[in-house]
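1. no sequence on this one, just coordinates:
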């Protein structure tokens, strides 16, 4: 069986996998990172969104070996030393989560956006989560949370420069 | 899933791998279509030959009066590329509508073409650009016009077990040209179109010098509305001319009743509506106003 | 004295773990030595099972066992009537029927082996339209009965003939409300195992842990205290997790193999395997006087009960009770039928029969308004319930009946002007392009809170207090069986506890829902937990405080005290079933009201509809957590938008055509109203905890009706079937009939 080596949440990680195994299954079943959720298994709902080299992908249809040698970021990789990332904190503050199943994927899509675009318009925010389905919230509080996170990150960035 | 997953480092190596497995291996690029097909029990070859590590296939370049798009270029890259936006705006517009952001980050334009479904946004726009695909196998390489690739729903004449499409090319649209992509769907993201129409027009001295109208899904393959195109060429630009061309496009389309897409009647009526809208916007994009 | 926590948008108890991805749903659990199970589904919508041969599957590598009906001690289940078989023996009646469970070392092995279970069927003709299915001579879904009609409920009050004779205008209409898929993001999953005390234990996402235990124990022929259910987190429910899905299957597999067994359904299996919202064929006739007073209503409801009963009878009773909407109408003639077909089992879904009705009655109200040349808001306000109004079931509606206030608030926010009781709609700016039309649509909805029609509603709660030396409360633990499906019940209960105990919210925790450790709170349904379990928690807190006070008085030195309460809904109001001839009864414990106004833009060339703005006003009695109330409003609107415009569950002759989320379209962020204004109305229910009532369902009731009415205002056409997809609107605009 091939060994998949990737830079997972900042750590070089190697795991033995089946050749055709999909990234979501490797993360969940082999690496016990259950934060990445499977909502449809077909790339149609976004619940399984992770970042590969900074790009949001639906890991449930992403062959794991494609991630070899690449940077993979999952929801587990966002908090630092127990402190919530600004996006996570904003979701909490805006009550942007109800059942929570879409939440990790939603946050990862937002993370990908804010890494590329630190001052997104409402349209750009909606576009960035247009591949993430939510059945509970109606999306408004999620959009608000991403706006708040952008603001917070800009403030944080201002302080450190 | 696959018993073996291989990463060739060159096109030549990829072809050798395919040849060595003699029909039990096939090319995968982004995999957004292929993985789904495997899960449904189709496309069940044992070996995947993943071309995404081959250098030189992920570029968008201008060579002379052509734009070339490599096999690994994703829909997201096409949608945002300044060269495409400048020289083939309809293709950027079409690619920006495929699936959702995650799909567009991984799925390739070439993959969309090779998958050969009539509702493929990228392919519909490429048809209106008179695009060609470079097909490479152990016998050599050759350019094929896109329409020759399509043999039926999901049937591409390129055999992904033995051949690779490495590049797409089409002529840049000059400044006297305009293009537009109109798409009708039941929701605003993560969905295939009920109908899409891509229009390219070239205007000279107030007349339509060149007209290309491509649409899908109205037939097993993406369609060019040639009678409509012919009827518009040479005519002065204007709503009346556009309306008549749109009516001709309707007459050429032969959609069937579809459970998911709608009745034949509706789909045909929409051919006329979207063709009119695409031609209008393309004309405006070419720099001309229409009363 | 601690500041009040009621009315504050405190952070949800569970949100930190959710944003970190640490919250575990059933599929996130793993146990040592775990096996995997896969279902063999029935291959036809209607067929006799001639033989089942599991030998090839049993021989497949890694397979431990293949379970069939022979392995089920008592092969029956069902939430009210046990008319379903755990594993079918002689017949399949819908595609969701299960024949076998393959248990293997890995999921792949289980799924591959399941393809080798060989079943011989004798396909039977399929009945898929309840209007046909109810006729004599129709193919029988349950062949031991004489008819497919599962239930008939009439409502008779006053004299409709006289009423219509008195009417100055009469309007009629046929309406169709279709199947809806719940589409919760978390597919069904369960993990069954034998716990340290030898109990068959299932980790699962369910709306009612105790009822699951009851059904599992029944099927396994075990005493209920030898069966246990644990509910970690639930990825959405909306009624779809009320009925049994995987529970009995994994319990059986664990019971037989004595090893942990996990089952995860694919999305396709989820769509196939759980029931849907009931389709309703509605025929309405309303009569009103020139001054706008409603005088008579005649309605016929034909519901598709699908293959098995599930909660179809209660949904029908509910629907019938809401048939006229929140309006006073003295002369009533309603016939309601629920009929078996080979379509998907139909079950609870947000609204439970109350969602379909306004698709009919709110269109009717607008038709009346048009016929009377009266403003739609004004016509409604003239007839909406007030405290003590008599409903069509003959009972007075009481206890904080804020029926008018949401409509008034929504209308004023949307630009209506009122002058001496006359209301005038605002003038809308026309859209910029000639093929676009804009319109405003109004709709009201109402719903019960708590179980109805004599079904006893109870919720029990235990509060454990940890005391400090001085007797003050260090922390409180709520033990309640209330399933947190995402609606926020755990946070609401914690807020109520904090308020009642006068301690900071941060000191309150909620115990894991585990039937071994928490009492029965009833189901997460009927918008009932804030009201019922909130009351139970409030009373239990008061009991705990009494216990604490006793400890202090007696100086016993006890550091932990407990309070307990079993709250009976009937102490607030005792409900009764519909009278079999007249439908007169005391149907519901409490009520909840909402109104919504939609501004839509219709593309008259394509039939496409966009929602520019939505105003929603909801009477929540008391908004215990305003941010969570907004979440319910927005989420309810999401489902209503889908119901109105994008969601189309298609079955043909029992075969499912929309099998995945790639074919069944729930609204994406881009499909929602561009702008949403949400106004909470707080007309308190004096019987609810701190005046609060439930809102989880009522927020979805007016949405689709408001959109349909807005489409009419924009274009002049009535859309009478859902969803109003582009083609449906286009056909109406072009005068092309769509067969309902």
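-> Here it is on my side, so go on. Worth saying up front: this structure is predicted, and the values here are computed from it rather than measured. Numbering: from 1, shown residues only, chains lettered A, B, ... in the order given.

2. in chain A, which residue is closest to the centre?
-> Centroid check for chain A by Cα atoms, centre = their mean gives residue A:108 as the closest residue, at 2.1 Å.

3. equivalent analysis for chain C, please.
-> Closest-to-mean residue, chain C, Cα atoms, centre = their mean: residue C:350 / 2.5 Å.

4. mind listing what that residue touches?
-> Going by Cβ atoms under 8 Å, 6 or more residues apart in numbering or on different chains, residue C:350 touches C:238-239, C:636, C:639, C:696-697, C:700. Bear in mind the C-beta positions are built from the backbone N, C-alpha and C, glycine included.

5. in the chain, where's the longest helix?
-> Here I'm looking at chain A. Ranked by residue count, the top helix of chain A under DSSP state H comes out as helix A:140-160.

6. could you do chain B instead?
-> helix B:264-285.

7. elements contacting it?
-> strand B:177-184, strand B:195-204, strand B:207-216, helix B:239-252, helix C:726-733 (3 or more Cβ pairs under 8 Å, 6 or more residues apart in numbering or on different chains; DSSP states H and E).

8. for the residue of the stretch 51-200 of chain C found nearest chain A, the count of nearby residues, please.
-> Nearest residue of the stretch 51-200 of chain C to chain A: residue C:185, at 4.0 Å (Cβ to the nearest Cβ). Using other Cβ atoms under 10 Å in any protein chain shown, residue C:185 has 29 other residues around it.

9. look up the closest residue to it, ignoring the ones flanking it.
-> What sits nearest to residue C:185 in space, not counting adjacent residues and going by Cβ to Cβ, 6 or more residues apart in numbering or on different chains, is residue A:101, at 4.0 Å.

10. surely the one you found meets residue C:236?
-> Yes - at 6.4 Å, residue A:101 counts as touching residue C:236 under the criterion of Cβ atoms under 8 Å.

11. if you count what's nearby, which of these two comes out ahead?
-> Legend: neighbour count by other Cβ under 10 Å for residue A:101 and residue C:236, higher for residue A:101 (31 against 25).

12. stretch C:16-31 vs chain A: in contact?
-> Yes - Stretch C:16-31 lies within reach of chain A by Cβ under 8 Å from any Cβ of the partner chain, at C:16-25, C:27-28, C:30.

13. neighbour-wise, which one of those leads?
-> Of all the residues of stretch C:16-31 next to chain A, the most densely surrounded is residue C:19 (29 neighbours; neighbours counted as other Cβ under 10 Å).

14. quick one: end-to-end distance for stretch C:640-651.
-> Counting by Cα to Cα, to the nearest Å, you get 21 Å between the two ends of stretch C:640-651.

15. now the longest helix of chain B: mean pLDDT?
-> Confidence over helix B:264-285 (mean pLDDT, whole number) is 97.

16. what is the neighbour count of the residue in chain A that chain C sits nearest to?
-> Nearest residue of chain A to chain C: residue A:35, at 2.2 Å (Cβ to the nearest Cβ). Residues lying near residue A:35 (other Cβ under 10 Å) number 26.

17. so it: helix, strand or coil?
-> Secondary structure assignment for residue A:35 (DSSP: H, G, I helix; E, B strand; the rest coil): coil.

18. who are the contact partners of it?
-> Here residue A:35 is in contact with A:74-76, A:104, C:20-22 (criterion: Cβ under 8 Å, 6+ apart).
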